[in-house]
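Enquirer: Sequence below, structure please.
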Amino acid sequence: MKITKHSTKVKLTENSDPSSHIMCLFLAAIFTYYSSSYGATLIDSGVKVSNKSDAGDSNVKIESNLNNWDESATWRQFNSALELVWINAGGDWADANGEEQGSQPFVTVNIVDDDKPGTVEIDVLPVINKTNAADFFIRRVGGQNYVFKSREAGEGGPTLTLNGDMILTPVVDTNLNNTTVRALGGLDRLATQGPILIRFDLPNSLKITQATLKLESTGAEYGNQTLQFYTTNSSLKTIARPSWLKVDPTIIVSFDGNDVLRNDLPMTVENGIATSQLSFPNLTWINSNKVIPNQTEACATIYEKLGADFQPGQGGKHPGFSNTGDSLRGSDVINGITYPDTGWGGRSPDGVHWSARSGYGGWNQSHVSSHTYFYAMEPHNGYGWIDPIGYPYPKGEWMAYVQCMKLNTTDGIIGNKDGKLYYEIAGIGPVYSREDIRWRDLDAPETEIREFWVNYYCGGTSCGDITNRGTVSFSKVVITKGLPNMDAVKAEVDRLNQ
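Expert: Just a heads-up that it's a prediction; the model follows:
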């Protein structure tokens, strides 16, 4: 390995061990996990100032700060455990001018491929001075790949030396790769085939006058290349409310915990609040599919509390609108054709029946990931369509999410792809919107919004063998003609949390 200086101080020392370690990357199917674009704007924009699931490996470190990327980061998500997406596939960064996805690096290093192990020392003080953080987003220009040791390698992993004598090790490091859906943060190497991300926690109140990042090459080098240093810019996002969504808090119907009580489930009800504690091998906390007056568009506000002990395997179901026919007597008959109940549980929609429950996936000590889980004609997946909603649900406190939908129009034979789905979280704001769903093909009362499914279910993926799968509390769902008064919704959440 040879290094040439450019906009930084660089020093190279040869390793005493001449052996090289060649990294093999096995190509996987390119990620098509979600297909919608969100038109998102950042909750926090600009350069981040920080003092701080398929994870792919048990060594992956999960962060509690929701704006931080962690070692479960993938090409599409900065926290795949909680399904938190990058604004830009391949990662978000800010440049030396504070521009998001900008082109002006803080530091640039040229590396010459000579297939020899060695170390590179890089002056990263410009990054720390400008951002008050040591959160590096390293991009390659030229060449194909270059492999450094990660913190998981132990000896030879990245270090940050401050003021000549204080040596820090990373709290997290990883690299992103567009050929796999898996997180690579638990591996013992960092490859420049995609961006490299490294973060150190800086000591409080220390005046930093010198900062040197040290990386050790394995000797696996593929072409001369330039490394450009930026700062990572991961952040939760909100979106604008779509123009089709009207504010109309007129109540159609509501249900509380008394309305969903079932004696065959581990439920209790007190003051209208249903609480269920689930233990292995049971899968269902609460399950009640309620008939509602026919609608072509509506919103539902769900007040819920996922317990601090909520640990439900790899995912499951949350409440949402539906029209499966399951809660209605008999099959639907339209123009002499019988349409049996369908549109959930691996049963494909038929142009009449559909469902739009919500879902959850990974979780950590403080939060649970959230995503859509709908059965529609388009987009279609035989086991429900999943899009990350973009904001996780908290554990141990009451919260409310609003789900709004509007049915698509039809030409009498096949439906148009103009159906709507929207989510907003009280106290957070709008987080998800989609306007290209073909819910149905026929325009008939039997195809309309006729059910609301109060469903808390552990499964669809592995629910694990954890003895205590946690507690769920459900206060009520209020179904309205349009978006409710969100200030009133937040006030009700605050009351429940008192």
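Enquirer: make it CA atoms for all contacts and neighbour counts henceforth
Expert: OK.
Enquirer: Any regions of the stretch 101-250 of the chain where pLDDT drops low?
Expert: Flagging of the stretch 101-250 of the chain using pLDDT under 70 yields an empty set of residue ranges.
Enquirer: For this structure, just list every one of the helices.
Expert: In order along the chain, the chain carries the following helices (DSSP state H): 125-131, 486-496.
Enquirer: So which bits of the longest one are buried?
Expert: So the one you mean is helix 486-496. By neighbour count with 16 or more other Cα atoms under 10 Å, helix 486-496 contains the buried residues 486, 489, 490, 492, 493.
Enquirer: what residues are up against the residue nearest the centre of the chain?
Expert: Central residue of the chain (Cα atoms, centre = their mean): residue 83, 1.7 Å from the mean position. Counting by Cα atoms under 8 Å, 6 or more residues apart in numbering, residue 83 makes contact with 53, 77, 361, 362, 369, 370, 371, 388, 389, 390, 391, 392.
Enquirer: Any chance of JSON lines for those residues, columns pLDDT and distance to residue 473?
Expert: Formatted as JSON lines, the entries for the contacts of residue 83 read as follows, by pLDDT from 0 to 100; distance: Cα to Cα, whole Å:
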{"residue": "53", "pLDDT": "33", "distance to residue 473": "24"}
{"residue": "77", "pLDDT": "95", "distance to residue 473": "29"}
{"residue": "361", "pLDDT": "90", "distance to residue 473": "18"}
{"residue": "362", "pLDDT": "89", "distance to residue 473": "19"}
{"residue": "369", "pLDDT": "95", "distance to residue 473": "17"}
{"residue": "370", "pLDDT": "96", "distance to residue 473": "17"}
{"residue": "371", "pLDDT": "96", "distance to residue 473": "19"}
{"residue": "388", "pLDDT": "94", "distance to residue 473": "23"}
{"residue": "389", "pLDDT": "94", "distance to residue 473": "21"}
{"residue": "390", "pLDDT": "89", "distance to residue 473": "23"}
{"residue": "391", "pLDDT": "93", "distance to residue 473": "20"}
{"residue": "392", "pLDDT": "95", "distance to residue 473": "17"}
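Enquirer: Just name the closest of these to residue 460, please.
Expert: The shortest approach to residue 460 among those belongs to residue 361, at 10.0 Å (Cα to Cα).
Enquirer: burial measure for the closest one, as a count.
Expert: The local packing count at residue 361 equals 25, with neighbours defined by other Cα atoms under 10 Å.
Enquirer: got it, and residue 153?
Expert: Neighbourhood size, residue 153 [other Cα under 10 Å]: 15.
Enquirer: That one: what's its closest spatial neighbour, skipping adjacent residues?
Expert: Excluding the flanking residues, the one nearest residue 153 by Cα to Cα, 6 or more residues apart in numbering is residue 188, at 4.5 Å.
Enquirer: Report the contact partners of the closest residue to residue 333 other than its chain neighbours.
Expert: Closest residue to residue 333 apart from its sequence neighbours, by Cα to Cα, 6+ apart: residue 339 at 6.0 Å. With contacts taken as Cα under 8 Å, 6+ apart, residue 339 has the following neighbours: 331, 332, 333, 350, 352.
Enquirer: mind redoing it with 6 Å?
Expert: 331, 332, 333 (Cα atoms under 6 Å, 6 or more residues apart in numbering).
Enquirer: Same check on residue 149?
Expert: Residue 149 sits in contact with 157, 188, 189, 190, 216, where contact means Cα under 6 Å, 6+ apart.
Enquirer: rerun that using 7 Å as the cut-off
Expert: The neighbours of residue 149, taking Cα atoms under 7 Å, 6 or more residues apart in numbering as the test, are 156, 157, 188, 189, 190, 216, 217, 218.
Enquirer: What's opposite it in the beta bridge?
Expert: Taking DSSP bridges, one finds residue 189 as the beta-bridge partners of residue 149.
Enquirer: what's the answer for residue 167, then?
Expert: residue 161.
Enquirer: measure it to residue 94 for me?
Expert: Noted for residue 167: a distance of 26 Å to residue 94, by Cα to Cα, to the nearest Å.
Enquirer: neighbour count winner among the two?
Expert: Taking other Cα under 10 Å, residue 167 and residue 94 do not tie; residue 94 has more neighbours (26 against 13).
Enquirer: Cross-check the contact I'm expecting between that one and residue 101.
Expert: Yes. Using Cα atoms under 7 Å, residue 94 makes contact with residue 101 at a distance of 5.5 Å.
Enquirer: now, which of the contacts of residue 149 sits nearest residue 464?
Expert: residue 188 (27.7 Å).
Enquirer: what about stretch 369-383, start to end distance?
Expert: Stretch 369-383 has an end-to-end distance of 18 Å (criterion: Cα to Cα).
Enquirer: Give me the buried positions along that stretch.
Expert: Within stretch 369-383, the residues that qualify as buried by neighbour count (16+ other Cα under 10 Å) are 369-381, 383.
Enquirer: give the contact list for the closest residue to residue 277 other than its chain neighbours.
Expert: If you skip the residues right next to it in sequence, residue 277 has residue 471 as its closest partner in space, 4.3 Å away by Cα to Cα, 6+ apart. By Cα under 7 Å, 6+ apart, the contact list for residue 471 reads 276, 277, 278, 306, 307, 309, 310.
Enquirer: and of these, the nearest to residue 451?
Expert: Taking Cα to Cα as the measure, residue 451 lies nearest residue 276 of those, at 22.3 Å.
Enquirer: Give me the neighbour count for residue 136.
Expert: Applying the criterion other Cα under 10 Å, we find 25 residues in the vicinity of residue 136.
Enquirer: Just list whatever residues bridge to it.
Expert: Beta-bridge partners for residue 136, by DSSP bridges, are residue 198, residue 231.
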